[in-house]
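In: Here is a sequence with its predicted model. Questions after.
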Amino acid sequence: MMDKSIFKAYDIRGQYPQEINEKTVAEIAPVFIKFFKKGKIIVGRDVRLSSPKLYKTLIAKLQDYKIKAISIGLTTTPMFYFLVSKLKAAGGIMVTASHNPKEYNGLKVVGKKAKMISGYEISKSIRKFS
């Protein structure tokens with residue numbers, strides 16, 4: 001079951017793999033249909049050791065749900081924000097835990113013009129918590 005404590009004011013994050021992992025990302029992915037019904041989204045990741053695994057799972061699940069994802073791979077968060085705006089995307093998802101220690105990872109989710117979508121807002125769309 002998903003740990004609801006990973007849903008924060010600015011993002012979704014927790015310790016990898018105890019609180020957030022590939023299974024968690026796969027369970028969250030269907031919710032993105034609500035936020036990104038139409039248009040393309042930008043998807044990037046940071047350099048953390050767990051990011052490639054989470055990123056790969058996220059891309060696969062977005063494809064399963066027919067969400068048009070432009071995969072930009074390894075990038076900085078500022079570049080991710082820039083590309084969401086520059087490419088006039090419906091939004092984006094960045095696999096990162098920002099300034100948190102290396103054992104953490106998560107998802108930063110933004111809408112048009114890189115406007116933040118909070119973890120709290122995303123959690124309202126998810127029904128099952130442990």
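Out: Looks like it arrived, so ask away.
In: Any regions of the chain where pLDDT drops low?
Out: Scanning the chain for pLDDT under 70 picks out the ranges 127-130.
In: show me where it has strands.
Out: Per DSSP state E, the chain carries strands over the ranges 12-15, 40-45, 68-74, 91-95, 104-110, 116-117.
In: Need those strands in a markdown table (columns: mean neighbour count).
Out: Heads up, the C-betas are built off the backbone N, CA and C, glycines and all. Output for the strands of the chain, formatted as a markdown table (neighbours: other CB atoms under 10 Å):
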| stretch | mean neighbour count |
| --- | --- |
| strand 12-15 | 22 |
| strand 40-45 | 23 |
| strand 68-74 | 15 |
| strand 91-95 | 27 |
| strand 104-110 | 25 |
| strand 116-117 | 18 |
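In: Looking at the ones you listed, which is nearest to D3?
Out: The minimum distance between D3 and the strands of the chain falls on strand 12-15, with 6.5 Å, by CB to CB.
In: roughly how far is that closest one from the heart of the chain?
Out: 11 Å (CA atoms, centre = their mean, to the nearest Å).
In: try stretch 54-74
Out: Put simply, stretch 54-74 sits 10 Å off its chain's centre (CA atoms, centre = their mean).
In: How about stretch 3-12?
Out: 11 Å.
In: Could you find the closest non-adjacent residue to the residue nearest to the spatial centre of the chain?
Out: In the chain, the residue lying closest to the centroid (CA atoms, centre = their mean) is L107, at 3.4 Å. Excluding the flanking residues, the one nearest L107 by CB to CB, 6 or more residues apart in numbering is I12, at 4.5 Å.
In: mind putting the strands of the chain in TSV, distance to I126 included?
Out: Putting the strands of the chain into TSV (distance: least, CB to CB, whole Å) gives the following:
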stretch	distance to I126
strand 12-15	10
strand 40-45	18
strand 68-74	20
strand 91-95	15
strand 104-110	13
strand 116-117	13
